[in-house]
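Q: Kindly return the folded structure for what I paste below:
(one chain, ligands or ions: 1)
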Amino acid sequence: MPAPGADWPEGVARIVLSEVDSTSAEAARRAPEQATWILAHRQTAARGRRGRAWDCPIGNFAASLVWRPGDGPAAMALRSFVAALALRDALRGLGVTGLSLKWPNDVLLRERKLAGILLESPAPGLLILGIGVNLVHAPDPATLEARAVPPVSLPEVGGPTIAPEAFLDALAPAFAAREAQFRAAGFPAIRADWMADAARLGEEITARLPGETVTGRFADVDGEGCLILVTANGPRRIAAADIFFAEAPCS
Ligand SMILES: O=C(O)CCCC[C@@H]1SC[C@@H]2NC(=O)N[C@@H]21
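A: Predicted structure coming up:
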């Protein structure tokens, strides 16, 4: 197995697999004591949020970080913001520009989805952050649900060529730095940095909740990571939803 990059965080293990069903499923099976990144060059049953399948051809980035943060479920859930910022930092550090962050945890490139994060806690205290990045290929928009933010890959916009393992060597230290910031300064610092790059802040967006769809102005993200939408009936605080934009981005 090739050695990790020079900035690889101390005390964190790195596993590279040629094929697995899902790096997040593998992380849950292994449930190591030591924080561990598991990267796979190919996933045969990759999963996205809300039980959706995740398209993952060879060349795209697919990895999961599994660790025991040692804090409660609310703080664990905020790691999706920590991870989104780390992803943004790592991509930016490799020369990708035009990035923004979509609540709760997508990274957009020119307002199209470049990367997704799946946060899972399959056992008490155990946290798994599964991350997929369209380094070489984006799924066919026809395979996605209507009104979904269209996907994008780096080559489509003339972005840099980045190999999955090289991306992991950038992401792992970026995540360690953001995690250290979260531990030292709490969510306010993470939230402020996240808000600075929030997609569609101040604009009308639609949140699809179980059994309800709510449209309003994206006003804020609160101190617990909830979305604040100002609707015709007043402010709504939303803990979890699928978000749709009013109109598609220009290409
Ligand atoms: O729906 C999303 O936006 C989240 C997608 C997360 C996909 C990644 S790829 C690596 C890890 N393994 C999985 O099975 N899923 C996540």
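Q: CA-only coordinates of the lengthiest strand in the chain, as CSV, when you get a sec.
A: Criterion DSSP state E: the longest strand present in the chain is strand 112-123. What follows is strand 112-123, C-alpha atoms only, in CSV (Å, rounded to 0.1, in the frame of the first residue of the first chain):
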residue,chain,number,x,y,z
ARG,A,112,-23.8,22.1,-9.1
LYS,A,113,-23.2,19.1,-6.8
LEU,A,114,-19.6,18.1,-6.7
ALA,A,115,-19.5,16.2,-3.4
GLY,A,116,-21.8,14.6,-0.9
ILE,A,117,-21.4,13.6,2.7
LEU,A,118,-23.2,10.8,4.5
LEU,A,119,-23.1,10.9,8.3
GLU,A,120,-24.0,7.7,10.1
SER,A,121,-23.7,6.4,13.7
PRO,A,122,-24.3,2.7,13.5
ALA,A,123,-23.4,2.1,17.2
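Q: quick one: low-confidence ranges for the chain?
A: 1-2, 247-251 (pLDDT under 70).
Q: Tell me the residues of it that contact the ligand?
A: Counting by CB under 6 Å from any ligand atom, the chain comes close to the ligand at 22-24, 43, 46-49, 52, 54, 56, 62-64, 106, 116-118, 130-132. Placement of C-beta: from N, CA and C, glycine included.
Q: separation between Pro235 and the ligand?
A: As defined by CB to the nearest ligand atom, to the nearest Å, Pro235 lies at a distance of 26 Å from the ligand.
Q: residues near whatever residue of the stretch 51-200 of the chain ends up closest to the ligand, how many?
A: Closest to the ligand within the stretch 51-200 of the chain is Gly116: 2.1 Å, counting by CB to the nearest ligand atom. Counted with other CB atoms under 10 Å, the neighbours of Gly116 add up to 21.
Q: Identify the bridge partners of it.
A: Asp106, Gly132 (DSSP bridges).
Q: ok, it touching Gly48?
A: Yes - contact criterion CB atoms under 8 Å: Gly116 and Gly48 qualify, at 6.0 Å.
Q: what sits in contact with each of the two?
A: Trp54, Gly132 (CB atoms under 8 Å, 6 or more residues apart in numbering).
Q: if we can go back for a sec, which ones are touching the residue of the stretch 51-200 of the chain closest to the ligand?
A: Gly116 makes contact with Gly48, Arg49, Trp54, Asn105, Asp106, Val107, Ile131, Gly132, according to CB under 8 Å, 6+ apart.
Q: Most neighbours among the residues you listed, please name it.
A: Ile131 (29 neighbours).
Q: Identify the residues contacting that residue.
A: Contacts of Ile131 (CB under 8 Å, 6+ apart): Phe61, Ala62, Ala63, Ser64, Leu65, Ala83, Leu87, Ala115, Gly116, Ile117, Leu118, Leu171.
Q: From Val82, how far out is it?
A: 12 Å (CB to CB, to the nearest Å).
Q: most residues in a single helix of the chain, which one?
A: When every helix of the chain is counted residue by residue (DSSP state H), the longest turns out to be helix 164-185.
Q: just checking, what packs against the helix or strand following it?
A: Heading C-terminal from helix 164-185, the first helix or strand you meet, by DSSP states H and E, is helix 187-196. Counting contacts by 3 or more CB pairs under 8 Å, 6 or more residues apart in numbering; DSSP states H and E, helix 187-196 packs against helix 79-93, helix 164-185, strand 212-221.
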